[in-house]
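1. Sequence and computational prediction follow.
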Amino acid sequence: MNELANIRTDSYENLARAMGIATDRKVPKKTSNLNRLRIWHSPVMGQVEVNGKLSNVEIIEGGSYRLELVGEDGSEFIYAKTMTLRPFMQRFMLRRYVANMGAKEGQPKGSFHRTIMADSLNMDLKDNTGKFNCGKPSGYVEDFKALSPDMQDLIRQIKRVRVIFGTVSLEDAVDQNGQPVGDKVTAAYPFIWEIDNKDAFKTLGDRFAEYSAKSKLPLQYVLHFDNTIENPLPNGSKFYTPTAKVDFSEEFEITEEDEKLFHDFNDFIKNFNDYICKQWEEKVQTEQKNPSAADVETVEDFIDIDVDK
């Protein structure tokens, strides 16, 4: 009876492992139905009629916060200069963009190498290429200049990503045509925000440090985001970084809906990591079946075959 009780109450993962079927479970293809938040660095252009002629004008300023509302029939976008964010959790990963220099029309211009999401970057993280850390060496690199030029270049391409999950309300929001969006302004939308700019990474890290210093849970206190900061580049273009302030004046109660959303975010992270780990396993198995010429030569150097005469 005790065994039956355990079978009835234990989790699927534990039972599957005990029954020897855990490794046979298929991992579904990664899908994302989470709304995506980001800073939109370029102005959104549109056309207006002036003296009977259509002219291109800037209808949404660069540096606006953009929320992609993901739906079954596609996405729509809303923009705002300020927003209020209630962070539920954060994770970290590494990411590297690899351009496809020989891409033809209709082919992807590049792809992302990315690791699993983790609580910290102070560990080796599996990535979707069958390696760890997108190829970056383990641990802290004490002497960067001692590395080969190729490795230095690789490390420069790898970005730390702070991934924030929570709910966001956009203030005085407009759609991609510059028109007010009405009731969508006050809605609190679940979102994921992947922050890879080093200045923005630090800004949000400093805000999370404030929560820790006061022993406060992030989802109980909102972050207010004002206008972004414009940063000019030598080539004349610009990029923008956020400004954020923690509001400790009001504490939010954690509701049943918050708990459900918290679990949904954790499920999203688990599904993402399962997908990356599945890709890691497939790439490792492929490499084991098809060793490189250099690997074969190395093995042969260590093996001495005696042939009976």
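-> Perfect, I can see it now. Numbers count the residues shown, from 1 in each chain.

2. On the three-state scheme, the residue nearest the centre of the chain is what?
-> With distances taken as CA atoms, centre = their mean, the residue of the chain nearest its centroid is residue 194 (4.1 Å). Secondary structure for residue 194, judged by DSSP: H, G, I helix; E, B strand; the rest coil, is strand.

3. So it sits against residue 159, correct?
-> No - look at residue 194 against residue 159 with CB atoms under 8 Å: they stay out of range, at 9.7 Å. No exception for glycine: its C-beta is placed from N, CA and C like everyone else's.

4. Name the residues contacting each of those two.
-> Residues touching both residue 194 and residue 159 by CB atoms under 8 Å, 6 or more residues apart in numbering: residue 95.

5. List the residues that contact the residue nearest to the centre of the chain.
-> Contacts of residue 194 (CB under 8 Å, 6+ apart): 36, 38, 95, 161-163.

6. Please check those residues and keep the buried ones.
-> 36, 95, 161-163 (16 or more other CB atoms under 10 Å).

7. Okay, strands next: where are they in the stretch 151-300 of the chain?
-> With strands called from DSSP state E, counting those that start in this stretch, the stretch 151-300 of the chain shows them at 158-171, 174-175, 189-195, 223-225, 229-232, 238-241, 244-246.

8. Who does the fifth one pair with, and is each partner parallel or antiparallel?
-> Put plainly, it is strand 229-232. strand 238-241 (antiparallel) (DSSP bridges).

9. Pull out the buried residues from the strand it pairs with.
-> Applying 16+ other CB under 10 Å to strand 238-241 flags 239-241 as buried.

10. What segments of the stretch 1-150 of the chain are helices?
-> Using DSSP state H, counting those that start in this stretch, the helices of the stretch 1-150 of the chain run over 2-9, 12-18, 149-157.

11. And these, which one averages the lowest pLDDT?
-> Mean pLDDT is lowest for helix 2-9 among those, at a mean of 47.

12. Now residue 258: closest residue in space, sequence neighbours ignored.
-> The shortest distance from residue 258 to any non-neighbouring residue, by CB to CB, 6 or more residues apart in numbering, is to residue 219 (6.4 Å).

13. Just give me the neighbour total for that neighbour.
-> 19 (other CB atoms under 10 Å).

14. So the residue nearest to the centre of the chain versus residue 272, what's the distance?
-> Distance, residue 194 to residue 272, using CB to CB, to the nearest Å: 11 Å.

15. Same question for residue 246.
-> 27 Å.

16. what's the closest of the buried residues of strand 238-241 to residue 148?
-> residue 239 (30.0 Å; CB to CB).

17. Throw the strands of the stretch 151-300 of the chain into TSV and include distance to residue 118, thanks.
-> Formatted as TSV, the strands of the stretch 151-300 of the chain follow (distance: least, CB to CB, whole Å):
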stretch	distance to residue 118
strand 158-171	10
strand 174-175	36
strand 189-195	14
strand 223-225	22
strand 229-232	29
strand 238-241	24
strand 244-246	23
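
18. for the ones you listed, which one sits closest to residue 129?
-> strand 158-171 (11.9 Å).

19. wait, isn't residue 242 in contact with residue 225?
-> Yes - applying CB under 8 Å, one finds residue 242 in contact with residue 225, separated by 5.6 Å.
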